[in-house]
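Visitor: Pasting the sequence and the predicted coordinates here, then a few questions.
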Amino acid sequence: MKFALPLLALFAALPVAAQSTSRAETETMEIARRLIAFRSVAGPGNQTPQAQAYLKGVLAAGGIADVSVTPLGDTAYLLARWPGSDPKLPPLVFAGHIDVVEAKPADWQRDPFTPVVENGFLYGRGASDMKFDAAMLVASLIDLKRSGYKPRRTIAIAFSGDEETAMKTSAALAQAVKGAEMALNIDGGGGLTAEDGKPAYFTVGAAEKTYADFRLEVTDAGGHSSAPRQGANAIDRLAAALVRMGAHRFTPQLSPITKAYFEGIAPREPALGAAMRAFAANPKDEAAIEALAASPNYVGQIGTTCVSTMVSGGHAQNALPQRATANINCRIFPGVKPAAVMAELQRVAADASVKFSDVTEGSNPTDASPLRPDLMGAVKKAMAAGASDSMWFRAVGIPSYGISPTFNKESDDFSHGLNERTPVANVPLAIRYYRSLVTDLTK
């Protein structure tokens, strides 16, 4: 989960772009539709390699010929370079991912891998996380190259293929571009549209929580279901521990970035603005904590969160369970060690028969990236004119920032969920945004 710094960004009254973006807009929608149609889900039939190969062809046709697609396990990653005129300058990296989380067609109103545009929205798995964003970036860069722009600094495109799972391709890409000036992650940041349709604020991601998965297991000798033993049922013991952990709240925390975040967006949040200001002033303010913790959009900004995500137990309908397991997924506040979080969960579970183990894959705790004036100035200018893989880039010393230009309402955010969708009205804004941002950072 990314932390963010708010920026004023009212795109309802954007000036007309000097360059026409109609061709790039058409290309964006075509690329997005093609990408969504690939079932780029980890496991049997993973089509991420085919999706990356398709993007390689698009980039090559657009004049960006230095593109490689590297297989890794059942997936693949893409690295493209648009050479700059000064090879001594470290490159600017645009990062993202082409894989998506699983989507079962039977659960959706529309087939998740058949893109559909309805009522101003693009529907499909990856519409918001993040194939649509990838399409907007690729089309924007091709449009910029077609216009004759020659960057002084090399531009690299790094699309991973397993960001939603093990992140092995993310780590490989970070090593491949080690020494870059910075990484701009288009899978982070972005704008919030209020429910009345007016833009509220824009964010830049500068840090992120540490991802962790903990496995809980309770075992028992089992037996016939007609002879239950009080207090010995593995499922019951696990369920009781999960209830206790579900009711637990970790101590709220505040960092300089989250302090700036709450202070910046408080004036634009009439319902929670007072709580944000109070929490920014005093992270122990109980009333502010209660108000922010009750909001799914802000509870993750005030500290570590852990939630049960998977449960399994028993081996027969007419037998006492011999084993019960669960997965607890945590998003840990920067600076807090996963081992400390697991120890706290063990204390809350209050049952020695519940065995804990850290089964995390693809996580790499990192410090926040500095809020660089050149980036912040370029983003502000881009928005006036027009919370991922980031941890792996930070781990090799590359400052990384979430900078997606996509605006969406909270009520329309279905990332990782059913009927994922994003407003197509983002396309012209994104093209103008990238044109301004890229030229400012690479000229």
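Guide: On my side now, so go ahead. Residues are numbered from 1 along each chain as shown.

Visitor: make it CA atoms for all contacts and neighbour counts henceforth
Guide: OK.

Visitor: pLDDT averaged over stretch 365-380, what's the number?
Guide: For stretch 365-380, mean pLDDT is 73.

Visitor: ok, and what's touching it?
Guide: Residues outside stretch 365-380 that contact it (Cα atoms under 8 Å, 6 or more residues apart in numbering): 7-9, 206-210, 334-335, 391, 394-395, 399-401, 403, 436-437, 440-441.

Visitor: filter these to the buried ones?
Guide: 7-9, 206-210, 334, 391, 394-395, 399-401, 403, 436-437, 440-441 (16 or more other Cα atoms under 10 Å).

Visitor: where's Ala275, which helix or strand?
Guide: helix 273-281 (DSSP states H and E).

Visitor: Only the buried residues of that helix, if you could.
Guide: Quick answer for helix 273-281 (16+ other Cα under 10 Å): 273-280.

Visitor: Run through the neighbouring helices and strands of the following helix or strand past it.
Guide: Downstream of helix 273-281, the next assigned helix or strand under DSSP H and E is helix 286-293. Using 3 or more Cα pairs under 8 Å, 6 or more residues apart in numbering; DSSP states H and E as the contact test, the elements touching helix 286-293 are helix 273-281.

Visitor: next structured bit after the helix or strand bottoming out on mean pLDDT in the chain?
Guide: Across the helices and strands of the chain, mean pLDDT, DSSP states H and E gives its lowest value to strand 2-7, namely a mean of 48. Note on strand 2-7: by DSSP H and E, the next helix or strand toward the C-terminus is helix 22-37.

Visitor: pLDDT on that next one, on average?
Guide: Rounded mean pLDDT across helix 22-37 is 97.

Visitor: Would you mind writing the CA trace of that helix as CSV?
Guide: In CSV, the C-alpha atoms belonging to helix 22-37 read as follows (Å, rounded to 0.1, in the frame of the first residue of the first chain):
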residue,chain,number,x,y,z
SER,A,22,-6.9,11.9,-31.0
ARG,A,23,-4.7,9.3,-32.6
ALA,A,24,-3.0,8.4,-29.3
GLU,A,25,-6.4,8.1,-27.7
THR,A,26,-7.6,5.6,-30.3
GLU,A,27,-4.3,3.7,-29.9
THR,A,28,-4.7,3.7,-26.1
MET,A,29,-8.1,2.0,-26.3
GLU,A,30,-7.0,-0.6,-28.8
ILE,A,31,-3.9,-1.5,-26.7
ALA,A,32,-6.1,-1.7,-23.5
ARG,A,33,-8.6,-3.9,-25.1
ARG,A,34,-5.9,-6.3,-26.5
LEU,A,35,-4.2,-6.4,-23.1
ILE,A,36,-7.3,-7.2,-21.1
ALA,A,37,-8.1,-10.1,-23.4
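
Visitor: which strands and helices sit next to it?
Guide: helix 131-146, helix 426-442.

Visitor: how does the chain divide into domains?
Guide: Here the domain assignment for the chain is 2-208+366-442, 210-358, based on automatic domain parsing.

Visitor: Ranked by average pLDDT, which of those falls at the bottom?
Guide: Across those, domain 2-208+366-442 gives the lowest mean pLDDT, at a mean of 87.

Visitor: Just to check, His416 is in contact with Val101?
Guide: Yes: between His416 and Val101 there is a contact under Cα atoms under 8 Å: 6.2 Å.

Visitor: Name the residues contacting each of those two.
Guide: Common neighbours of His416 and Val101 (Cα under 8 Å, 6+ apart) are Arg125.

Visitor: that older thread, between the helices and strands packed on helix 22-37, which one is closest to Tyr54.
Guide: helix 131-146 (11.5 Å; Cα to Cα).

Visitor: Following the chain onward from that closest one, which element is next?
Guide: According to DSSP H and E, the helix or strand after helix 131-146 is strand 155-160.

Visitor: other SSEs contacting that next one?
Guide: strand 75-82, strand 92-97, helix 168-176.

Visitor: Out of the ones you listed, which is the most enclosed?
Guide: Counting by mean count of other Cα atoms under 10 Å, strand 92-97 has the highest mean neighbour count of the helices and strands packed on strand 155-160, with a mean of 28.

Visitor: Leu144 - how many residues pack around it?
Guide: Other residues near Leu144 come to 24 when the count uses other Cα atoms under 10 Å.

Visitor: my bad, should have said Pro87
Guide: Around Pro87 there are 11 other residues, counting by other Cα under 10 Å.

Visitor: Got the phi and psi for it?
Guide: Pro87 has phi and psi values of phi -70, psi -10 when expressed as degrees, to the nearest 10.

Visitor: Report the contact partners of it.
Guide: Taking Cα under 8 Å, 6+ apart as the test, what Pro87 contacts is 153-154.

Visitor: If we use 10 Å, what do you get?
Guide: 152-154 (Cα atoms under 10 Å, 6 or more residues apart in numbering).

Visitor: Distance check, the nearest residue to Arg110 once chain neighbours are set aside against Lys131.
Guide: Nearest residue to Arg110, sequence neighbours excluded (Cα to Cα, 6 or more residues apart in numbering): Asn419, at 7.1 Å. Asn419 is 15 Å from Lys131, where distance means Cα to Cα, to the nearest Å.

Visitor: quick one: strands adjacent to the helix or strand hosting Cys330?
Guide: If you go by DSSP H and E, Cys330 is part of strand 323-332. Applying DSSP bridges to the sheet, strand 323-332 is found paired with strand 210-219 (antiparallel), strand 305-313 (antiparallel).

Visitor: Put together a markdown table for the helices and strands packed on helix 22-37, with distance to Ala288 on each row.
Guide: Converted to a markdown table, these look like this (distance: least, Cα to Cα, whole Å):
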| stretch | distance to Ala288 |
| --- | --- |
| helix 131-146 | 34 |
| helix 426-442 | 33 |
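
Visitor: Out of those helices, which is the most enclosed?
Guide: Scoring the helices and strands packed on helix 22-37 by mean count of other Cα under 10 Å, the most buried comes out as helix 131-146, with a mean of 24.

Visitor: What is it packed up against?
Guide: helix 22-37, helix 48-61, strand 92-97, strand 155-160, strand 421-423, helix 426-442 (3 or more Cα pairs under 10 Å, 6 or more residues apart in numbering; DSSP states H and E).
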